[in-house]
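Engineer: got a sequence here, can you model it:
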Amino acid sequence: MEFSTWLIFSGIALIAVISPGPAVLLSVTNSVTYGFTKSIYSSFGNITGILIVSGTAVLGLGAVLQTSLLLFTILKISGAIYLIYLGFRQWNVRHNVFEKSNELNKSIQQSHKSFIQGILVAISNPKAILFFTALFPQFLDLSKPVAIQFLVLTATFMLYSFIILVAYAIGAQSVKDWFAKGGRSIWFNRVSGAIFITFGLGLLRLRNKAT
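Structural biologist: Numbering: from 1, shown residues only. Coordinates of the predicted model:
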């Protein structure tokens, strides 16, 4: 792979990860609700999910999704249900999560839960698999070892994703005190919950153009 090719891929990857999506919202929500440390766990979970998605796309699942309407629909609905579930759960939180974040931050169980959430958000999106399927082949030089190129491209995407998610989490911490006052925390719960639900409903509208 030429360095110029990697630079082009890096630019596309950076634009993709900067755009707010379910992973960003999860990182922000965990940061203000359970503390910055928990957002790190969900970020690690997300890049682990990216590795899984990237690997399955290269192994051919992306091509299968493009041709199998049933499999595409099952994965799409599963992902949408999970995002909508996260949205309703966040919407129904009634306590001030900002005041209780220090206490909740001590929970090891929540750390594991945040990590799993990050993985599930990443792997439950068929759009991500189709993205990797469409993107990777354009940057692979088949005259050179494909495995090494795959690792370089995937590692680049994972690194950018982690950095951006952490940046969003740090930004969320900076406005945490403002949200802690009055009834703002309830509105934070409702708005973030509504956004999760919107992402889920948006995923239901995703169409497999190949079918």
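
Engineer: show me what the helix or strand where Gly202 lies packs onto, helices and strands only.
Structural biologist: Using DSSP states H and E, Gly202 maps to helix 184-204. Where contact means 3 or more CB pairs under 8 Å, 6 or more residues apart in numbering; DSSP states H and E, helix 184-204 is packed against helix 22-34, helix 69-91, helix 176-179. For the C-beta atoms, the positions are set from N, CA and C on the backbone; glycine is no exception.

Engineer: report the contact partners of the residue nearest the centre of the chain.
Structural biologist: Most central in the chain under CA atoms, centre = their mean is Ala23, positioned 2.7 Å from the mean C-alpha point. By CB atoms under 8 Å, 6 or more residues apart in numbering, the residues touching Ala23 are Asn46, Gly118, Val121, Ala122, Ser161, Leu165.

Engineer: and which of those residues is nearest Arg89?
Structural biologist: Arg89 lies nearest to Val121 out of the contacts of Ala23, by CB to CB, at 13.4 Å.

Engineer: neighbours of the residue lying closest to the closest one once chain neighbours are set aside, just the number please.
Structural biologist: Distance criterion CB to CB, 6 or more residues apart in numbering; nearest residue to Val121, sequence neighbours excluded, is Pro22 at 5.0 Å. Other residues near Pro22 come to 26 when the count uses other CB atoms under 10 Å.

Engineer: and Glu2, by the same measure?
Structural biologist: Glu2 is flanked by 10 other residues according to other CB under 10 Å.

Engineer: repeat that for Phe162.
Structural biologist: 18.

Engineer: then Leu159?
Structural biologist: Per other CB under 10 Å, the neighbour tally for Leu159 reads 14.

Engineer: isn't Ile129 right up against Leu59?
Structural biologist: No. Ile129 is beyond contact range of Leu59, at 10.6 Å (criterion: CB atoms under 8 Å).

Engineer: so in the chain, where's the weakest helix or strand by average pLDDT?
Structural biologist: Across the helices and strands of the chain, the lowest-confidence element by mean pLDDT, DSSP states H and E is helix 101-104, at a mean of 48.
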